[in-house]
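1. Sequence and predicted structure, then a few things I'm wondering about:
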Amino acid sequence: MDKSEPLFPDVPGWRFSLTETSMCVYRADGHHADGRSVSRTGHDLPALIRETVEDARNLAEKRRSS
């Protein structure tokens, strides 16, 4: 797996990429149009994607509550 951009309409403004850094180890990166970013690394791809998207969602919520 090289890079792809999964679409997550429930986190608008975010772009996500997945990179296989070594055999069965992945890095998920999320970048927002305003410069914020989140990143996780792991081997459980479904959990990694879910957690990275959740980090992005939580970051947006923190910003709104500040």
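-> On my side now, so go ahead.
2. Report the contact partners of S39.
-> Listed by CB atoms under 8 Å, 6 or more residues apart in numbering, the contact set of S39 reads R27, A28, D29, G30, T52. Where you see a C-beta, it was placed from the backbone N, CA and C, and this is true even at glycine.
3. Counting by contacts, list what the helix or strand harbouring the third one packs against.
-> Translated: D29. Assigned by DSSP states H and E, D29 falls within strand 25-32. Here strand 25-32 touches strand 14-22, strand 37-42, helix 45-65, going by 3 or more CB pairs under 8 Å, 6 or more residues apart in numbering; DSSP states H and E.
4. quick check, nearest of the contacts of S39 to T41?
-> R27 (4.8 Å; CB to CB).
5. worst-scoring helix or strand of this structure, pLDDT-wise?
-> When the helices and strands of the chain are scored by mean pLDDT, DSSP states H and E, helix 45-65 comes last with a mean of 86.
6. got the angle for that helix vs strand 37-42?
-> 150 degrees (axes from the mean of the first three to the mean of the last three CA atoms, to 10 degrees).
7. re earlier: pairing partners for the strand holding D29, with directions?
-> strand 14-22 (antiparallel), strand 37-42 (antiparallel) (DSSP bridges).
8. Would you point out the most distant pair within the contacts of S39?
-> R27 and G30 (11.0 Å).
9. Between those two, tell me which one has more neighbours.
-> Counted by other CB atoms under 10 Å, R27 and G30 do not tie: G30 has more neighbours, with 23 against 16.
10. roughly how far apart are that one and M23?
-> When distance is defined by CB to CB, to the nearest Å, G30 is 23 Å away from M23.
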